[in-house]
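Engineer: Mind folding the following:
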Amino acid sequence: MRSTGVVRKIDNMGRIVLPKETRNYLGIQVKTPLEIYVDEEYIYLKKYEPSCVFCKEAKNTILYRGKIVCEDCIAEIQESL
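Structural biologist: Below you'll find the predicted structure:
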């Protein structure tokens with residue numbers, strides 16, 4: 001992890017502004033969903049990618065009955081039947 005040297009204050013509504021350069025570098029646009037993770041005293045932001053409910057893989061997924069499942073897990077389930 002590297003520091004960008006940018007320090008921002010949280011406003012009265014609990015918001016911070018991500019610098020434009022950082023958003024551009026990471027491909028974050030208006031309305032890009034972000035996931036928030038916490039680890040003791042750290043807060044992490046990550047672009048949200050829907051992932052498989054079984055293996056957490058985000059590639060080659062489909063929505064099945066309201067759940068996201070990857071092709072590998074579908075194949076594994078079919079083999080076990």
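Engineer: make it CA atoms for all contacts and neighbour counts henceforth
Structural biologist: OK.
Engineer: and stretch 12-22, average pLDDT?
Structural biologist: On average, the pLDDT along stretch 12-22 is 94.
Engineer: Could you work out the end-to-end span of that stretch for me?
Structural biologist: End-to-end distance for stretch 12-22: 23 Å, by Cα to Cα, to the nearest Å.
Engineer: Please apply the same query to stretch 59-79.
Structural biologist: Terminal residues of stretch 59-79 lie 20 Å apart, using Cα to Cα.
Engineer: do the same with stretch 61-78
Structural biologist: End to end - Cα to Cα - stretch 61-78 spans 16 Å.
Engineer: And the contacts of that stretch?
Structural biologist: Stretch 61-78 is contacted by residues 50, 51, 52, 53, 54, 55, 57, 58, 59, 60 when judged by Cα atoms under 8 Å, 6 or more residues apart in numbering.
Engineer: which stretches of this structure form strands?
Structural biologist: For the chain, the strands defined by DSSP state E cover 34-39, 42-47, 61-64, 67-70.
Engineer: Out of the contacts of stretch 61-78, give me the one that has the most neighbours.
Structural biologist: Neighbour counts for the contacts of stretch 61-78 (other Cα atoms under 10 Å) peak at residue 52, which has 21 neighbours.
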